[in-house]
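**Student:** Give me coordinates for this.
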Amino acid sequence: MGVVNLVRGMIHRVRLGERPEDVATEQDEDPYLARSLQIDEDIRTGKNRMLTVEETRRSFDRRHDAMKRTLTIEYGDDVLLALGYSPSQFSEEARNLVAVKLYELGRLSSGAAAKLANIPKPLFLMKLSDYGVDTFHQTEEDLHRDLASARRHL
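**Tutor:** Residues are numbered from 1 along each chain as shown. I've put the predicted structure just below:
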């Protein structure tokens, strides 16, 4: 029996006067329904609560920090000499180049690319011009549409 049909049957039985506890006997057949009912019960009894935006953000940041990876690029001193960079300057430049290129290709948002470059988003957006990349990806048609929309609202 599908979850939708099960829930419909439960609602119908509750309308007929049966208690929800008696109706939920079929939850053992569907682990997703059982978990959903458990979460509802936890919220109702106060065992579980909705996280605040700040708690959710902190939780995401902890998971994100734990998932960081390292990319190793082999290069010789000739590269450093040609660029006139120290190893740390080259590392920073390579990180920025990867972030900028992924943003330019549309594979990362500006925020995600800024995180990859390990710099604040406003600084990342300003640095795009250093690499010859447009800050905003808008066609001429997009700009005309935005201008027309702005004129309508004046």
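
**Student:** average pLDDT for the longest helix seen in the chain?
**Tutor:** What stands out as the longest helix in the chain, according to DSSP state H, is helix 87-104. Averaging pLDDT along helix 87-104 gives 94.

**Student:** So which elements touch that helix?
**Tutor:** helix 77-83, helix 110-117, helix 121-127 (3 or more C-beta pairs under 8 Å, 6 or more residues apart in numbering; DSSP states H and E). C-beta: built from backbone N, CA, C; applies to glycine.

**Student:** ranking those by burial, who's on top?
**Tutor:** Stretch with highest mean neighbour count among these: helix 110-117 (a mean of 18; mean count of other C-beta atoms under 10 Å).

**Student:** Contacts for that helix, please.
**Tutor:** In this structure, residues lying in contact with helix 110-117 by C-beta atoms under 8 Å, 6 or more residues apart in numbering are 95-96, 98-100, 102-103, 108, 120-121, 123-125, 127.

**Student:** Let's have those in TSV, adding distance to residue 73.
**Tutor:** Shown next, in TSV, are the contacts of helix 110-117 (distance: C-beta to C-beta, whole Å):
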residue	distance to residue 73
95	10
96	13
98	10
99	14
100	16
102	15
103	19
108	19
120	24
121	25
123	23
124	21
125	25
127	20
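
**Student:** for those residues, which one is nearest residue 151?
**Tutor:** residue 125 (26.4 Å; C-beta to C-beta).

**Student:** Give me the pLDDT for that closest one.
**Tutor:** 92.

**Student:** right, and it touches residue 135 too?
**Tutor:** Yes: at 5.3 Å, residue 125 counts as touching residue 135 under the criterion of C-beta atoms under 8 Å.

**Student:** Tell me how far the closest residue in space to residue 86 that isn't next to it in sequence lies from residue 108.
**Tutor:** Closest residue in space to residue 86, ignoring its immediate chain neighbours: residue 80 at 7.1 Å, by C-beta to C-beta, 6 or more residues apart in numbering. Per C-beta to C-beta, to the nearest Å, residue 80 is found 27 Å from residue 108.

**Student:** Perfect, that will be all.
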